[in-house]
Structure formats: C-alpha cells, structure tokens
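>>> no sequence on this one, just coordinates:
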C-alpha cells in the first residue's frame, strides 16, 4: 500500500508539473509597499523615439511617479512604431525606451504586452530576455500574471484574437510564430485565463490587454474580445480592464457588471477629434490627446487618475469594492 501511495503521489506531482509547464500564462511575483498598498503608472502606444510628445509625456510621468513612489509601470502595447523591433540589436529599443523614460522614479519594473504594431516586427526580439540585460526594467511576454498581495494582474495577448490581421492584413506582414495554429492557441489561452481567474483569491482582479473591449475612440469596440474574452471577465468578477490601441484616454463603465474599462493609449501620437459621438453609453470620460494614467490600490479602495502632457489631472475615478465615483 505504501508503495502504491508513493506511485500515485509521484504521478500526481508529474501531472501538476506538466500542467504548470504547459500553461500559456506564466506567473510572476511583485512585492507591495510596507503598508500593503500598491501604486503604478499605465502608458500605451508610445514608441516613437521621443516624437509626437512622447518625451513630454515621459517627463510628466516621471514627476507623478516620484510623487506617488510607484512600484512598477504597465505598458498596454504598441511599444515600437511602426513595425516593432527588427532584432534585439535594433537601436529603436534604446531610442524609444531607455533614452526616453530616464527619470529616477521610472527606474522600476516595466510590464509590457504586445500590440498589433509589435506583431509587424520581430516578436521574438521583444520577448527575448536579452533586452532585460540591456535595460533591466524590461519584461515583455505574450500572456502572464503578476501576483501581489492585494491584486492580481492578468496580462493577455490580444492581437491574435483580431480576425482582420489574418484575413485582411493589407500591406502588413505579421509575425505569427508561437501562435499558430491560431484556433488552438486562442482556445488554450482563454481556458488558462479562465482557470487562473477562477483560482484567484486576490482582492482586486485587473486584466491588461492591448486592444479595446469597449471604446468610443477610432477603433471602437473589438468585437472578437467582446464575444470571447468579456464573458470570462464578467463571470469572474474582474474589476478593471486596462488597454491601449485607441490613441486617447478613456473611462467607460460596464452596464452589465462591475468592470471599468480604462484606455491609456496616449503615450505619443494621438488622434484629435476621432471618436464616435453616438456610442456614448457607459462613457464617463474621453480625452483625444496625449497622456497617461496612474493607479493607487489599497485593500478596499482604488484611485485612478488620467493626466495630460502638462501633468494636469483630467479625470479621477475613486473605486470602493462594489461602488465607484468619478469626478
């Protein structure tokens, strides 16, 4: 009997190891402050070698980050325009990242997801740990979880969900290594995410992706994510969905769940006046200029602030578990 028990235990352990290794979502850990709180910046659609006010946004990010003593930075994708990186030696990495975000307060971990423009280049280059040796702040993975004591952050690779990149790529070439066959990849990714959300006991559940789910901006709603991803988020009590893709700052509330949809895609080039005036249901704030976002988290409350390129507060969202107010 003892031998049989050991054999069963060994098989069980092997199965658990296999499940862990085979998951598409890697798990990372990040500490909170001594008082148990957490603060971070969010920026998206930024990599233009300082142009289109990228440098000005970086300057103000540094000032706000110093004031908040941030723990890390979240990037919502489209990290390098127009066509990602060519290799790990591409000078765009330093010209658009290392030499732009130079403030002492921004020398923290940067958690990056891929955007559609990143997929037009060498995706493996952005994912390569070599970039982390060039600039220790850089972490970029397709999908991953950052676990903290009060929140779990679920970073999701959204580009492969979008049909037009496969069916109508126009003049662009996309690097689909690692995501084909597409149907299998997406099915497993959604299942892994669903299981991770179900298992999560975090006080705050925050999902980060490049593409919008709900937006009145240029791109509007991403129908593939609304159909495939949103139901999983709603069923598992996700608090925030944070994205880029639309080059604006935006806050929309779900009309069917507690989810707040937050767009921070104003890291450089913005699209002035390009929004859908008729699709305003749930819209609490929209700004068609450059800027960024800060988040302060505690056990039962969160404070989210949108800023322009002058560091001016444009919109403040105070969240309490189950209730929110926006100013």
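Arrived safely, thanks for sending. Note that the structure is predicted; figures quoted are calculated from it, not measured.

>>> For burial, what's the neighbour tally of residue 165?
Per other Cβ atoms under 10 Å, the neighbour tally for residue 165 reads 18. Any C-beta I mention is one placed from the backbone N, CA and C, and that applies to glycine too.

>>> cool, and residue 235?
Neighbour tally, residue 235, other Cβ under 10 Å: 12.

>>> Please apply the same query to residue 107.
Quick note: residue 107 (other Cβ under 10 Å) scores 15 neighbours.

>>> How about it: what's its closest non-neighbour residue?
Nearest residue to residue 107, sequence neighbours excluded (Cβ to Cβ, 6 or more residues apart in numbering): residue 137, at 6.6 Å.

>>> ok, now residue 236?
Spatial nearest neighbour of residue 236, chain neighbours left out: residue 197 (3.8 Å); criterion: Cβ to Cβ, 6+ apart.

>>> What values do phi and psi take at the one you found?
According to degrees, to the nearest 10, the main-chain angles of residue 197 amount to phi -70, psi -40.

>>> now residue 202
Main-chain torsions, residue 202, degrees, to the nearest 10: phi -60, psi 150.

>>> same question, residue 90
Dihedral angles for residue 90 - degrees, to the nearest 10 - are phi -60, psi 120.

>>> same question, the one 5 residues further on
According to degrees, to the nearest 10, the main-chain angles of residue 95 amount to phi -70, psi -30.

>>> can you pull the contacts of the nearest residue in space to it that is not next to it in sequence?
With Cβ to Cβ, 6+ apart as the criterion, residue 95 has its nearest non-adjacent residue at 4.5 Å, and that residue is residue 49. By Cβ atoms under 8 Å, 6 or more residues apart in numbering, the residues touching residue 49 are 92, 95, 96, 100.

>>> Which ones among those lie within helices?
residue 92 (DSSP state H).

>>> List buried residues within the contacts of residue 49.
92, 96, 100 (16 or more other Cβ atoms under 10 Å).

>>> Spit out the contact partners of the second one.
The neighbourhood of residue 96, defined by Cβ under 8 Å, 6+ apart, consists of 46, 47, 48, 49, 50, 54, 79, 80, 81.

>>> Would you check which pair of the residues you listed lies furthest apart?
Within those, 50 and 79 form the most distant pair, 14.1 Å apart (Cβ to Cβ).

>>> Please say which of the two ends up with more neighbours.
residue 79 (31 against 17).

>>> quick one, what contacts that one?
By Cβ under 8 Å, 6+ apart, the contact set of residue 79 is 46, 47, 96, 97, 112, 114, 115, 117, 118, 126, 140.

>>> I'd like those as a markdown table, with secondary structure and distance to residue 249 appended.
Shown next, in a markdown table, are the contacts of residue 79 (DSSP: H, G, I helix; E, B strand; the rest coil; distance: Cβ to Cβ, whole Å):
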| residue | secondary structure | distance to residue 249 |
| --- | --- | --- |
| 46 | coil | 13 |
| 47 | coil | 18 |
| 96 | helix | 20 |
| 97 | helix | 21 |
| 112 | strand | 19 |
| 114 | coil | 21 |
| 115 | coil | 17 |
| 117 | coil | 19 |
| 118 | helix | 21 |
| 126 | helix | 24 |
| 140 | strand | 23 |
